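Undergrad: no FASTA, just this:
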DNA sequence: AATCGTACGTACCGATCGGTAACATTGTCA
DNA sequence: TGACAATGTTACCGATCGGTACGTACGATT
């Protein structure tokens, strides 16, 4: 285990040099998988657009399936960053935190070309429960549900688990319908609907 | 245009004889496309499971894409049949009609192996707006939204379009989350949540 | 200078993809 | 019975799929 690489930092972006092949593949795969779907994109197109070759891909990732799982892990990190962004601007106000995310989502999902949630899309693309990408997605959704229960509790809901389920249904509904309707779809009503539901769940 | 076929009835199921190849392909494709996804299923597997061969498929359907579109047209017919089933048992009661569908959906979406809405899944599988299957799905969703506005109006909602959007978000959310969570997922709360939303939208 | 580990590219694998040409079989009419 | 159209079958196409064996350029170590 030769763990001695003085100039390069293993877990850091290392913005000093040009991106390595593995990182270029990662970024290209993330963009293509999200925009076009995992099944729709072949490894050939990924490496071509990344400016590398196939062996470089398979040296860093065991298979296309594993690369897809890695893409979703990156996607999840980015998701939580956006989802929890409201915690800083609205500390100790669970409802405002949540609604900050809902407002941003509503706007994004109301634009043409919106592609929904990469994790949800992966579940649709891979119905069988043995795919590594699907496992990442399923675990994430369980975590999201748990987090929504926490927020619902903090909001003072009578039945936090029930409100959390309602909010999750609205979220997933927005991801899906944002892809089907272009502008002026149901996603535009998300904030209004969510507020109605939260109000009804309090007293 | 030789439109003369006395003994055979073009648009009827013709339950008298054994199913033709085109019909077997249609049924097999419908089941496989729904369960596994359109991109995941090749034409080879369809014709094998249907007990026919590829040329039989391509004589009745112009391409795999067209077969997929035909599958969704069949799916849509079946959807409306289930969706409007409550109109007979609950005439002149829009809310009861709608909730009858919601209750059935909630149960189906809470079972392991649930695969959501075939039309929504097709939109996720084909992001580009040029695919024939996607066009069928998009048009259906617009019709569904219109129908929900009608029902919301009949229910006496203050803002029918807004309630319709909320109901549509809940529907799509149930389709999606039913696939990710097995039993005891958010889909189980659909009826309760929908009732809260409808109540809040009336007075 | 000889050596070694790392990183990357060239060229190729068998399998499967959607789709088709050409031929055999069948049923329905005159 | 014979002609015709519809529907079936065998065998194949080029393209692309995910994945890999093998050779090479290069910088650090001895």
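TA: Okay, I see it. Predicted, not measured: the structure shown is a model, and the values here were computed from it.

Undergrad: counting residues, which helix of chain A comes out longest?
TA: Identified as the longest helix of chain A according to DSSP state H is helix A:132-155.

Undergrad: could you identify the helix or strand that succeeds that one?
TA: Using DSSP states H and E, the helix or strand that follows helix A:132-155 in sequence is helix A:160-180.

Undergrad: which parts of that next one are buried?
TA: Using 16 or more other Cβ atoms under 10 Å in any protein chain shown as the burial criterion, the residues of helix A:160-180 that qualify are A:160, A:162-180. All C-beta spots, glycine's among them, are computed from the backbone N, C-alpha and C.

Undergrad: quick one: that helix to helix B:160-180, angle?
TA: Counting by axes from the mean of the first three to the mean of the last three Cα atoms, to 10 degrees, helix A:160-180 lies at 100 degrees to helix B:160-180.

Undergrad: from the middle of its chain, how far away would the helix or strand that helix A:160-180 is followed by be?
TA: The element immediately downstream of helix A:160-180 (helix or strand, assigned by DSSP H and E) is helix A:190-202. Distance of helix A:190-202 from its chain centroid, counting by Cα atoms, centre = their mean, to the nearest Å, is 23 Å.

Undergrad: now swap in stretch A:168-183 and tell me
TA: In terms of Cα atoms, centre = their mean, the centre of stretch A:168-183 is found 14 Å from the chain centre.

Undergrad: any part of it near chain B?
TA: Yes: legend: contact between stretch A:168-183 and chain B by Cβ under 8 Å from any Cβ of the partner chain is shown at A:168-177, A:179-181.

Undergrad: okay, now residue A:82: neighbour count?
TA: 13 (other Cβ atoms under 10 Å in any protein chain shown).

Undergrad: pLDDT of the helix or strand where it lies, averaged?
TA: For residue A:82, the enclosing helix or strand under DSSP H and E is helix A:64-83. When pLDDT is averaged over helix A:64-83, the result is 96.

Undergrad: for stretch A:177-185, same thing?
TA: The predicted model assigns stretch A:177-185 a mean pLDDT of 96.

Undergrad: where in chain A is pLDDT low?
TA: A:1-19 (pLDDT under 70).

Undergrad: so which bits of it are right by DNA strand C?
TA: Residues of chain A lying near DNA strand C by Cβ under 7 Å from any atom of the strand: A:2, A:20, A:21, A:22, A:51, A:52, A:53, A:54, A:55, A:56, A:59.

Undergrad: buried subset of these, written for PyMOL?
TA: The PyMOL command for the buried members of these (criterion: 16+ other Cβ under 10 Å) is given here:
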select buried, chain A and resi 21+52+56
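
Undergrad: returning to that earlier point: what residues does the helix holding residue A:82 touch?
TA: Residues outside helix A:64-83 that contact it (Cβ atoms under 8 Å, 6 or more residues apart in numbering or on different chains) are A:25-26, A:29-30, A:33-34, A:38, A:43, A:46, A:57, A:61, A:101, A:104, A:117-119, A:122, A:131-133, A:135-137, A:140, A:144, A:147.

Undergrad: what about 6 Å?
TA: Among residues not part of helix A:64-83, those counted as contacts by Cβ atoms under 6 Å, 6 or more residues apart in numbering or on different chains are A:29-30, A:33, A:38, A:43, A:61, A:101, A:118-119, A:122, A:132-133, A:136-137, A:140.

Undergrad: can you check stretch A:191-203 too?
TA: If you take Cβ under 6 Å, 6+ apart as the criterion, stretch A:191-203 is touched by A:102, A:103, A:106, A:156, A:157, A:163, A:166, A:170, B:166, B:196, B:200.

Undergrad: got it, and stretch A:32-44?
TA: Stretch A:32-44 is contacted by residues A:57, A:64, A:68, A:71, A:118, A:125, B:39 when judged by Cβ under 6 Å, 6+ apart.

Undergrad: could you redo the last one with a cut-off of 8 Å?
TA: Contacts for stretch A:32-44 (Cβ under 8 Å, 6+ apart): A:29, A:45-46, A:49, A:54, A:57, A:64, A:67-68, A:71, A:75, A:115, A:118, A:121-122, A:125-126, A:133, B:37, B:39-40, B:124-127.

Undergrad: out of those residues, which are buried?
TA: Of the contacts of stretch A:32-44, these count as buried by 16+ other Cβ under 10 Å: A:29, A:46, A:49, A:57, A:64, A:67-68, A:71, A:75, A:115, A:118, A:121-122, A:125-126, A:133, B:37, B:39-40, B:124-127.

Undergrad: what comes up buried for the very next helix or strand once past the helix holding residue A:82?
TA: Next helix or strand after helix A:64-83 toward the C-terminus (DSSP H and E): helix A:86-89. Of all the residues in helix A:86-89, those buried under the rule 16+ other Cβ under 10 Å are A:86, A:87.
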